[in-house]
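Trainee: Dropping the sequence and predicted coords here.
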Amino acid sequence: MKAVGNRNTMAATLSLTQLSSGNPIYDKYYRQVDPTGSGRVAAADAALFLKRSGLADLILGKIWDLADTERKGSLNKQQFFIALRLVACAQNGLEVSLKSLNVAVPPPTFNDTSSPLLTGVAADTPWVVK
């Protein structure tokens with residue numbers, strides 16, 4: 001395993017449980033963007049999902065840059081959890097930075113009808129900007 005630069009060390013040391021604060025909603029969000037369990041979330045899929053957070057594109061871009069540490073244009077589960085946690089930080093008025101990952105925040109919220117909080121709603125309904 002090659003060494004990770006200082007910029008990404010902190011994010012890489014946080015486990016999925018630490019990033020999600022043990023909240024199962026993070027796993028539910030992840031399953032929405034990776035329903036086949038491929039282990040990767042494509043940039044387009046992640047962008048569509050994260051856009052539903054209501055955050056400005058500039059902030060979402062910063063979140064993507066911090067989460068896509070490998071610059072692969074896709075996210076693994078840990079990186080997606082980092083993105084979710086940063087969305088939660090932004091929604092709670094915190095700075096979008098890796099140091100904010102250590103701050104306890106409630107899970108992020110997304111505007112859509114297939115929220116994992118609403119059971120029995122089809123989660124595979126495509127989300128389209130009109």
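Mentor: Now that the structure is in, tell me what you want to look at. Residues are numbered from 1 along each chain as shown.

Trainee: what's near enough to touch G54?
Mentor: By CB atoms under 8 Å, 6 or more residues apart in numbering, the contact list for G54 reads Q91, N111. Where C-beta positions appear, they are placed from N, C-alpha and C, glycine not excepted.

Trainee: mind checking the SS state of it?
Mentor: Following DSSP: H, G, I helix; E, B strand; the rest coil, the label given to G54 is coil.

Trainee: Run through the protein and note the low-pLDDT ranges.
Mentor: The model of the chain has pLDDT under 70 over residues 1-12, 112-130.

Trainee: now the helices for it?
Mentor: Per DSSP state H, the chain carries helices over the ranges 6-13, 16-20, 25-33, 43-51, 57-67, 77-91.

Trainee: wait, V33 sits on A47?
Mentor: No: using CB atoms under 8 Å, V33 is not in contact with A47, being 10.0 Å away.

Trainee: neighbour count winner among the two?
Mentor: V33 (18 against 14; other CB atoms under 10 Å).

Trainee: In contact with the more buried one, which residues?
Mentor: Applying CB under 8 Å, 6+ apart to V33 gives the contacts V41, D45, A46, F49, F80.

Trainee: I'd like to know how many residues surround the last one.
Mentor: For F80, the tally of surrounding residues (other CB under 10 Å) stands at 26.

Trainee: and which of the contacts of V33 is nearest to S21?
Mentor: F80 (15.1 Å; CB to CB).

Trainee: where's the nearest residue to L19 once chain neighbours are set aside relative to A47, distance?
Mentor: Counting by CB to CB, 6 or more residues apart in numbering, L19 lies nearest to F81, which is 4.1 Å off, once chain neighbours are set aside. Per CB to CB, to the nearest Å, F81 is found 16 Å from A47.

Trainee: now do K77
Mentor: 17 Å.
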